[in-house]
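Colleague: return a 3D structure for these sequence lines:
(chains A and B)
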Amino acid sequence: MNFSSFLLMRQEIILLTIILILVAAEIAISKTKKHSVVHLAIFLFGIHTIVGFFAMDSSSLFGGMFRTSGLIHFFKNVLNVGVLILLLQSADWLQEKIVLQNRGTEFFILLFSSLLGMYFMISAGDFLMFYLGLELSTLPVAALAAFEVTKRISSEAGIKFILSAALASGVSLFGISMLYSTSGSIYFDDIIKMISSTNLTLLGFILFFAGLAFKISLVPFHFWTADVYEGAPISVASYLSVISKGAAVFILMILLFTVFKTLIHVWENIIYVVALATMFIGNLFALRQQNMKRFLAFSSIAQAGFILLGLITGTQLGTATIIYFVMIYIFSNLAAFGVVQAISLKTGKENMNDYEGLYRTNPNLSLVMMLALFSLAGIPPVAGFFGKFFLFTAAASEGYYLLVFLAVVNVTISLYYYLLVVRAMFLRTNDQAIPYFKNKLYMRLGLLVTVVGILVIGLYSPLYDYIFELSKNLN
Amino acid sequence: MDILTLFIIVPIITVIALVFSKGLERSRVVSMIGSFIQLGMAINLVFAYLKEIKVNSNIMVFSKDLVWFKNFNIHYNIGVDGISVALILLTAIVVLAGVFISWKMKELPKEFFISLIVLSIGVYGVFISIDLFTLFLFFEIAVIPMYLLIGIWGSGPREYSAMKLTLMLMGASAVLLVGILGIYFNSNADGGALTFNILEIAKVHIPIEAQKLFFPFVFIGFAVISALFPFHTWSPDGHASAPTAVSMLHAGVLMKLGGYGVFRIAMFLLPEGALHWSWFFIILAAIGVVYGAFSAIRQSDLKYINAYASVSHLGLVLFALLTLNKIAWNGAIIQSLSHGLLTALFFALIGMIYGRTHTRDITKLGGLMKILPFIGAIYVITGLAYLGLPGFSGFVAEMNIFVGAFQQNSDTFNRILTILVVSSIVVTSVYILRLVGKIMMGPLETNDVNDLPKATWYEKTGILLLMIPVIGIGVAPFWLSEMIMKSLEPFIQGVL
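Modeller: Residues are numbered from 1 along each chain as shown, chains lettered A, B, ... in the order given. Modelled structure (predicted):
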């Protein structure tokens, strides 16, 4: 292993270094100065994010186990930006709650380990690396979900997550073993050549798909989502709904579009049904939610259903559109979670009723929330509109007009519940409205970045062109 | 900066200026200046257009084309013809009048004016777009501020009305999206590249099966905002709950987007689909005309009466468009303009009456002519113009529509429908005259007679802004007809 192969893995190596530095810092920094760990971690991760933007070659390492390409590298950067925003938004929570319990460093180590797992998962060139990445990305999240040890509901979330995740990854592994038994290899490149639609292969594929569907929380593998989001700390719920989901969508897309390309006549039907079920169930359940975290949980299930509209195409247009949409989704959802986080931290309130009259007391937070929700609902001129329009265009390009029609019906349903939050914040007045408060610097920065993202990503077309160019290699 | 992009840029600058202005005084002055500049630009555009078409024979003039998303062939492509120029002028007039009518907006004035101006950005955008994607984008921008405008500043069951209106209109635009994608993916039928450009798609022969399939999507997607029966139910509730300026803008301008879209997108791009489906939708439109008029008779709330009257009159626009006759088309466009001005006038007057008497119930109003002579006189004039008295814009419009619909090339089916629809004029005069008789001329209902304040300068300005063009179109319709007729030529070639 020479220096140039180190460079190909530099995202992973730098992140690992950061984790080690944090371990050292945990030992070195005295108990009274633990809050500086938060600054250190954010600073280091910020540098890591910036360094990530340097260009990288396409290549593979370890005999094809680990691959990088422009697209994979770009997606890692997207994840980095997402995590950086998330860290900025959780900094206050960590400072005020977690550092006092002397567990600040743990949070970062677990979070970064999970991110490292995602790097390996999306860079995987064979099923072994993929599975290792999947596990590494999942297990720390269970610990994170149970992070608020003083709350019962948080522990419940942790247990629920680890049990469902273990089952899902077991099922997935079973599927992988079947694929191995039919093709005789775990390398993606070999499987592409050997794959055929025998019954065993199909069964293996379906089991494998179920495992990833769990991570994306597609119906019918979505049951854990709302409970875990509700119980877990908001930062972790936010991480699960954007970063974890985004990475899983990405690897699922790569596998479907390359390894399982020849089975498209099978999986397009599966995805058709799952997409409809996910959109309808996610949207219809979101209608009645009062708790903002559960609300966003069902909303994010529904959003995953929309992503499948791009997945069903199997084309370059589909690839580019999915990545574009996931990127927009990351920014929009982080903005929504950021506002929920800020309010919950100051007042402990997490219900929709509590937001009544928010605009009169906290106009800026309400505006951020409204932009985020409009982006999720797909209302112009914010980015979500472009993401949804292009997804529908991608699906229509393959002739799925009925699916697009049912999806736009869902857009209208989703608009209703997004407007419910807008109604609470803007239309209602309330004597006991949440009083005015000022956020700290990190939170304001975190929200600002998401707002800029929501406003700019859609209107700035060269970004889409760039993603489209990158997607060329995949198909 | 070209002459059309300014119609987007100036409102954006106005919005930015509003963000930094505090209080009612600043906000209303800023919006007044912004809308005034818009009106100046719109008037300038009319003259520039009349000059330009003498030397430029393109369908769309002042056009500009910038690539936006090159992979989808989406362009920022703008241009205007006579129809859009006339509608832009209408928009500018109604927006400025709306700002004057909202001069005393007490609650959250800054936010109110911002939403109002954002709405107008969407409307201007639709009228100048040649690209289907940008048109759709602006169409949605025009709809969404309505939720806040009705929800925050409305009266009565405002939350319910706002939600109903927004969901029905956004649902319609979702249906429209399917239609637009259908058009887009058939725009390469003649072997060219996929395109969103309206003018290029019009040259393509889209397969007839696709036209038949997607015409209803596009038609319904646009027609819901023009209150096509049976999708009109959002309109009475929405208008009744909305604050005055919003009712004016919505009935006056926003509902015109429907007819415009039906004409420019559905019928122009899918002519075979229009021929195939016109019998069905013309029945719906005719029902809307008659049903709206009869419903208006039964109402006792002034705003409901006007809202149902709008359903009836905009049904007439859709009816005229679907008769597939150029004279009727000409009438449809004049009717759009005329109805826009008249309904805005009506809503403005209702707002003034309500602001003074605190009721919109006609059983509790009476003898206002004596107490409020200016408002009363204008109300009577507007009412007469509304029922189509010669000398006002309404007469020109309806005359064109009915003559066109009854012409020789029209078949028996259309003629029978026309006779039915003409009967709505009688019904219209019933409710208008009854209204005028009761609330203006009838016996006094209120005891505190002399307390009602007279019309203020800003109210009068707003009213006169709307009144002048009504009489202008009525007295001298020819310059307008000429401008529109010239722009109808591509439609006549393409559709008939």
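
Colleague: okay, now the unreliable bits of the chain?
Modeller: All of this refers to chain A. Low-confidence segments of chain A, defined by pLDDT under 70, span residues A:1, A:475.

Colleague: oops, I was thinking of chain B
Modeller: Where chain B drops to pLDDT under 70, the residues are B:1, B:408-410, B:445-451.

Colleague: helix or strand: which one has the residue in chain A that chain B sits nearest to?
Modeller: When scored by C-beta to the nearest C-beta, chain A has residue A:408 as its residue closest to chain B, at 3.6 Å. C-beta here means a position set from N, CA and C on the backbone, and glycine is covered the same way. Using DSSP states H and E, residue A:408 maps to helix A:401-422.

Colleague: likewise residue B:401?
Modeller: helix B:393-405.

Colleague: name the residues of the helix or strand following that helix that are buried.
Modeller: Next along the chain after helix B:393-405, taking DSSP H and E as the criterion, comes helix B:412-435. Of all the residues in helix B:412-435, those buried under the rule 16 or more other C-beta atoms under 10 Å in any protein chain shown are B:414, B:417, B:418, B:421, B:424, B:425, B:427, B:428, B:429, B:431, B:432, B:435.

Colleague: and for stretch A:363-382?
Modeller: Judged by neighbour count using 16+ other C-beta under 10 Å, the buried positions of stretch A:363-382 are A:365-366, A:368-382.

Colleague: now, those residues that are in helices?
Modeller: Secondary structure defined by DSSP state H assigns A:365, A:366, A:368, A:369, A:370, A:371, A:372, A:373, A:374, A:375, A:376, A:377 of the buried residues of stretch A:363-382 to helices.

Colleague: how about those in CSV, adding distance to residue A:148?
Modeller: Compiled in CSV, these are given as follows (distance: C-beta to C-beta, whole Å):
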residue, distance to residue A:148
A:365, 23
A:366, 27
A:368, 25
A:369, 23
A:370, 29
A:371, 29
A:372, 24
A:373, 26
A:374, 31
A:375, 29
A:376, 26
A:377, 31
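
Colleague: just these that are near chain B?
Modeller: residue A:374 (C-beta under 8 Å from any C-beta of the partner chain).

Colleague: list the helices and strands the helix holding residue A:408 packs on?
Modeller: helix A:264-286, helix A:292-311, helix A:363-377, helix A:383-397, helix B:145-153, helix B:158-185 (3 or more C-beta pairs under 8 Å, 6 or more residues apart in numbering or on different chains; DSSP states H and E).

Colleague: residue B:68 is nearest to which of these?
Modeller: The closest of these to residue B:68 is helix A:383-397. By C-beta to C-beta, the value is 10.2 Å.

Colleague: any residue of that closest one touching chain B?
Modeller: Yes: using C-beta under 8 Å from any C-beta, helix A:383-397 reaches chain B at A:385, A:389, A:390, A:392, A:393, A:396, A:397.

Colleague: so which bits of that helix are buried?
Modeller: Here helix A:383-397 shows A:383-397 as buried, counting by 16+ other C-beta under 10 Å.

Colleague: report all helices and strands that that helix contacts.
Modeller: helix A:292-311, helix A:316-347, helix A:363-377, helix A:401-422, helix A:441-459, helix B:132-143, helix B:158-185.

Colleague: fine by me, we can end here.
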